[in-house]
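**Q** build the 3D model from these lines:
(one chain, ligands or ions: 1)
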Amino acid sequence: MFEKIIGRADKKVKDAGLDVAGVDGAFYIRFHRYLPALCTLCFKLYEEKAESLLHDITALLIQFWKDRPHQLKSRDEEKIGDLPWFTDNNLTGMSLYVDRFAGNLKGVQKKLGYFEELGVNLLHLMPLMACPEEQNDGGYAVSDYKLVNPALGTLKDLMDLQKKLIQKDMYLMLDVVINHTSDQHLWAQRAKAGEKYYQDFYYMYENREIPDRFELTMPQIFPHSAPGNFTWNEECYRWIMTVFNQYQWDLNYKNPNVLLAMLEIILFYGNLGVDILRIDAPAFVWKKIGTTCQNLEEAHWILQIMKAVTAIVTPGMALLGEAIVAPKDIMKYFGNGCFDECDVAYNATQMALQWDALATSDITIMRQSQREILEKPVGTTWINYTRCHDDIGLGYSDEAISSAGFTPFQHRDFIKKYYSGQYQGTPAKGLLFAENPLTNDARISGSLASLCGLERALQHNIGYEIKESLQKILLMQAHAFFYPGIPMIFYGDELGYQNDYSFENHPSMAEDNRWVHRPLLDWKKNDLRKSVGTPEHYIFSGFQKLIGIRKKLPCLTDKANIEILAVQSRQIIAFARYTENSYVIFGFNYSAQKHVVTLEVPSEKDSWRDVWTNDEFRQISNKMEMVFNPYQFRVLLTLG
Ligand code: GLC
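**A** Below you'll find the model as predicted:
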């Protein structure tokens, strides 16, 4: 069906001298492998405009492959193994804001020893491209995709850092914000000035007719701070689609020029040496009247095109789809069996379920949801985390809540009250984010330490509460370290940073309480990690030890090698991770009570050691009994 187009693309590649199969990084082979997918997807999306788009995409592929530095091409080849490199148990990541962590990019480079001390070898630098000083959504309102925010440094600083990371066998993750630009981006400015070419990059309407039809079915993302999905712009007298903040203009992917421009930006990041590209908010990229404008089939086609293009030119770069969506929707971001899509996705459901279990001391909903979460295809992986820069949404299904014996509405209400301090006696200190009085929805902001009770315990100086909150912090983090996927620490959590309420005094931040858990690091305080007896030391050394354990256990490489164990308890969840010759059990007590449980273990084994506490256990036939202290977790390896 596409013979002619494929023939023409092939000629272009041949003319560029890139037609030798198997050499030059096997570009030509990959090109032909993904070309049919590109053709199919472009025609499905763009029909009569597809042919010229494919022509332009081919030119991009040739240009960026020719420009791809040799060092990156060799690194691509090194990354090819039996298993995708990003499934490895050696990886541990940290997300951080360059300025809040260490001032600027040069500052981050000076801190590489700190990451090594902790065991972190993948850095997610939060959006660092140019954005307006005030209205920038933490960098997610980009005004220039190719210029590093001058407050953080230069492109050269970024490249220097990337080179140092390679030398140290570390990896780099950056964001690409594909759904929207800042209203200060050149495209937006030219659109405001009346240039039709750029007006077509956005959704712009002269009157409310179409916006009103969209609004009928579109939910609101920031109902409190940015109600509605359209914003009136005085400069061009048009309503502009702004799903997130009013200064973030949604790009219109119905226009193939938008896709082409974004592909060019993605390949630019690929050639900077990005190892994991975090695609921001992909669920939103396709809009259709009469739908929620989220998770539409066409959004997946766009991502599949992005995957095909990067698989050809930057095969060592994995794509992370930042889709924070319901469990049934998330799996689709890993591809549909025919076309590849994202390699990695956030395990937002598991993250929220851990917070659910911590508040209720009941793991039943988490256990009910495991089958669904673990259906992820082999060769893809999760980002596992307790906190990130965003809020915590209670993104698990009502069915799972009901089947655990709770009433969904009351249950969610309890969780929100528990974490926002409205529930009598709660140890947690957090804030409700994006409350919507119409739907009663809300999400939760707060740092790992504050939500686990450390802030309150330290304020009241109550010894046993401090101890308990520290145990909770390690329990939550240990679960994320040992679950299949890449653990991603949110900077500051490794030192127990608490909520910082100073955002309330900054006009540009005050309306967005996610800033409460985006700390400004104080490196004098960070030195407390070396003082035994401080919470900083307890948490930091705990994280260090957990990462060390993770790196020593090959069964933690994600090969879909997990078995959820049947434990007769509503408080303790346990799973095994295994290889052909190892079987390791992980158990987590989500309650403040001590419990004795019996685990079923493989009968040929004999004795076990918990490598976290050094406790030893003997099994009798295929059973092993053990105590779990409040909020204790165990990592059980067989002895001999
Ligand atoms: C993503 C980011 C979030 C941002 C939004 C809009 O969800 O994680 O911080 O507000 O996209 O770009």
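**Q** these two touch, right, Tyr631 and Gly587?
**A** No - checked against C-beta atoms under 8 Å, the pair Tyr631 and Gly587 is beyond contact range at 11.9 Å. The C-beta positions use only the backbone N, C-alpha and C, and glycine is treated the same way.
**Q** look at these two and report which has more neighbours.
**A** Neighbours per residue, other C-beta atoms under 10 Å: of Tyr631 and Gly587, the larger number sits with Tyr631, 25 against 22.
**Q** can you give me phi and psi for the closest residue to the ligand within the stretch 251-400 of the chain?
**A** At 4.1 Å from the ligand, Ala281 is the closest residue in the stretch 251-400 of the chain, using C-beta to the nearest ligand atom. Main-chain dihedrals, Ala281, degrees, to the nearest 10: phi 50, psi 50.
**Q** leaving out chain neighbours, which residue sits closest to it?
**A** Excluding its sequence neighbours, the residue lying closest to Ala281 (C-beta to C-beta, 6 or more residues apart in numbering) is Asn179, at 4.4 Å.
**Q** contacts only, for that neighbour.
**A** Contact partners of Asn179, counting by C-beta atoms under 8 Å, 6 or more residues apart in numbering, are Val243, Phe244, Asp250, Leu251, Asp280, Ala281, Pro282, Phe284, Val285.
**Q** likewise Asp144?
**A** Residues in contact with Asp144 (C-beta under 8 Å, 6+ apart) are Met129, Ala130, His185, Leu186.
**Q** beta partners for it?
**A** Beta-bridge pairing for Asp144 (DSSP bridges): Ala130.
**Q** out of the contacts of Asn179, who's nearest Leu448?
**A** Asp280 (22.3 Å; C-beta to C-beta).
**Q** in the protein, which segments are predicted with low confidence?
**A** 640 (pLDDT under 70).
**Q** for the ligand, give me its nearest residue in it.
**A** The ligand sits closest to Tyr140 of the chain, with a gap of 3.3 Å, by C-beta to the nearest ligand atom.
**Q** give the buried residues for the strand or helix carrying Arg634.
**A** When secondary structure is defined by DSSP states H and E, Arg634 falls within strand 633-639. By neighbour count with 16 or more other C-beta atoms under 10 Å, strand 633-639 contains the buried residues Phe633, Arg634, Val635, Leu636, Leu637, Thr638.
**Q** which of those residues sits closest to His300?
**A** Lowest distance from His300 to those (C-beta to C-beta) belongs to Phe633, with 36.7 Å.
**Q** up against the ligand, what does the stretch 351-500 of the chain have?
**A** For the stretch 351-500 of the chain, the residues in contact with the ligand (C-beta under 6 Å from any ligand atom) are His389, Asp390.
**Q** follow-up on the earlier one: and the furthest pair within the buried residues of strand 633-639?
**A** Every pair of the buried residues of strand 633-639 checked by C-beta to C-beta; the farthest is Phe633 and Thr638, at 17.9 Å.
**Q** any buried residues in stretch 32-46, and which?
**A** Using 16+ other C-beta under 10 Å as the test for burial, stretch 32-46 gives His32, Tyr34, Leu35, Ala37, Leu38, Cys39, Thr40, Leu41, Cys42, Phe43, Leu45, Tyr46.
**Q** and the contacts of stretch 327-339?
**A** Contact with stretch 327-339 is made by 37, 40-41, 282-283, 295, 300, 303-304, 307-308, 321, 323, 341-343, 345, 348-349, 369, 372-373, 375-377, 380, 395-397, as judged by C-beta under 8 Å, 6+ apart.
**Q** quick one: which of these sit in helices?
**A** Judged by DSSP state H, helices contain the following of the contacts of stretch 327-339: 37, 40-41, 300, 303-304, 307-308, 348-349, 369, 372-373.
**Q** closest to Lys594 out of those residues?
**A** Distances from Lys594 to the ones in helices among the contacts of stretch 327-339, taken by C-beta to C-beta, are shortest for Ser369, at 26.1 Å.
**Q** mind listing what that closest one touches?
**A** Contacts for Ser369 (C-beta under 8 Å, 6+ apart) come out as Pro327, Thr349, Gln350, Leu353, Tyr396, Ser397, Ala400.
**Q** repeat that for Asn622.
**A** Asn622 touches Glu600, Val601, Pro602, Ser603, counting by C-beta under 8 Å, 6+ apart.
**Q** got the residue ranges for the strands in the stretch 401-550 of the chain?
**A** For the stretch 401-550 of the chain, the strands defined by DSSP state E, counting those that start in this stretch occupy 431-436, 441-445, 486-490.
**Q** err, the stretch 251-400 of the chain, not the other one
**A** With strands called from DSSP E, counting those that start in this stretch, the stretch 251-400 of the chain shows them at 276-280, 318-321, 344-346, 381-384.
**Q** helices or strands up against the first one?
**A** Which is strand 276-280. Judged by 3 or more C-beta pairs under 8 Å, 6 or more residues apart in numbering; DSSP states H and E, strand 276-280 is in contact with strand 122-125, strand 171-177, helix 256-272, helix 297-313, strand 318-321.
**Q** so how far is the second one off the chain centroid?
**A** So the one you mean is strand 171-177. 10 Å (C-alpha atoms, centre = their mean, to the nearest Å).
**Q** strands paired with it, and their directions?
**A** The pairing partners recorded for strand 171-177 under DSSP bridges are strand 122-125 (parallel), strand 276-280 (parallel).
**Q** go through these and name the closest to Gly542.
**A** Smallest distance to Gly542 across the strands paired with strand 171-177 (C-beta to C-beta): 19.7 Å, for strand 122-125.
**Q** what does the stretch 101-250 of the chain have sitting close to the ligand?
**A** Residues of the stretch 101-250 of the chain lying near the ligand by C-beta under 6 Å from any ligand atom: Asp137, Gly138, Tyr140, Val177, Phe244.
**Q** I'd like to know which of the residues you listed are part of strands.
**A** Counting by DSSP state E, those place Val177 in strands.
**Q** quick one: which of the residues of the stretch 101-250 of the chain next to the ligand is nearest to Val596?
**A** Of all those, Val596 sits closest to Gly138, with 46.0 Å by C-beta to C-beta.
**Q** touching, that closest one and Asp390? I think so.
**A** No - Gly138 lies out of contact with Asp390 (C-beta under 8 Å); the separation is 9.2 Å.
**Q** any shared contact partners between those two?
**A** Common neighbours of Gly138 and Asp390 (C-beta under 8 Å, 6+ apart) are Arg514.
**Q** correct me, but Pro315 touches Asp76?
**A** Yes - at 4.9 Å, Pro315 counts as touching Asp76 under the criterion of C-beta under 8 Å.
**Q** ok, the residue nearest to Ala566 when sequence neighbours are not counted to Ile585 distance?
**A** Using C-beta to C-beta, 6+ apart and skipping residues adjacent in sequence, the residue nearest Ala566 is Glu600, 6.6 Å away. Per C-beta to C-beta, to the nearest Å, Glu600 is found 10 Å from Ile585.
**Q** of those two, which one has the most company?
**A** Using other C-beta under 10 Å as the criterion, Glu600 and Ile585 rank with Ile585 on top: 24 against 16.
**Q** partner residues bridging that one?
**A** Ile585 has these beta-bridge partners by DSSP bridges: Ala576, Leu636.
**Q** from what I can see it touches Ala576, true?
**A** Yes - counting by C-beta under 8 Å, Ile585 does reach Ala576; the two are 5.0 Å apart.
**Q** between the two, what contacts are shared?
**A** By C-beta under 8 Å, 6+ apart, Ile585 and Ala576 have these common neighbours: Leu565.
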